[in-house]
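1. Sequence plus predicted model, see below.
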Amino acid sequence: MSRVSSICYRLDEAADAMKREIDYYKLSENAGLVNKLVMGIVLIHLHRGDYVAADQAFKSCLSRSVTYNDQLVLCL
């Protein structure tokens with residue numbers, strides 16, 4: 001759903017769908033997909049010109065846990 005919304009430039013809906021996907025993948029402890037989705041949300045916020053929201057999304061991912069932090073640094 002989030003990919004389709006982002007293609008149609010409904011960026012707010014895409015970001016909300018990605019946040020729901022993040023919650024789903026956090027439950028299954030899939031750090032790789034969580035990090036990819038967070039990067040997607042950051043890119044959506046940057047595309048909209050909302051630098052504060054992009055920074056908050058990035059920092060919220062870093063504060064989740066040590067394993068997510070390590071995975072995110074490797075992703076960059």
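-> Great, that's in hand.
2. from here on, contacts and neighbour counts on C-alpha atoms
-> Fine.
3. Would you enumerate the residues in contact with Tyr51?
-> Contact analysis of Tyr51 by C-alpha atoms under 8 Å, 6 or more residues apart in numbering lists His45.
4. mind checking how far it is from Ala57?
-> Separation of Tyr51 from Ala57 (C-alpha to C-alpha, to the nearest Å) stands at 10 Å.
5. Could you do Glu29 as well?
-> Distance, Glu29 to Ala57, by C-alpha to C-alpha: 18 Å.
6. Tell me which of these two has more neighbours.
-> A count of neighbours by other C-alpha atoms under 10 Å puts Ala57 above the other of Glu29 and Ala57, at 17 against 14.
7. The helix or strand where the more buried one lies: which residues count as buried?
-> If you go by DSSP states H and E, Ala57 is part of helix 51-62. Within helix 51-62, the residues scored as buried using 16 or more other C-alpha atoms under 10 Å are 53-54, 57-58, 61-62.
8. With stretch 33-52 instead?
-> For stretch 33-52, burial by neighbour count (16+ other C-alpha under 10 Å) applies to 34-35, 37-45.
9. Include pLDDT and secondary structure when you put those into TSV, please.
-> Supplementary listing: those in TSV, determined by pLDDT from 0 to 100; DSSP: H, G, I helix; E, B strand; the rest coil:
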residue	pLDDT	secondary structure
Val34	83	helix
Asn35	82	helix
Leu37	87	helix
Val38	87	helix
Met39	88	helix
Gly40	88	helix
Ile41	90	helix
Val42	90	helix
Leu43	89	helix
Ile44	89	helix
His45	88	helix
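10. Closest to Leu11 out of those?
-> The shortest approach to Leu11 among these belongs to Ile44, at 6.5 Å (C-alpha to C-alpha).
11. residues near the nearest residue to that closest one once chain neighbours are set aside, how many?
-> Nearest non-adjacent residue to Ile44, counting by C-alpha to C-alpha, 6 or more residues apart in numbering: Leu11, 6.5 Å away. When neighbours are defined as other C-alpha under 10 Å, Leu11 has 19 of them.
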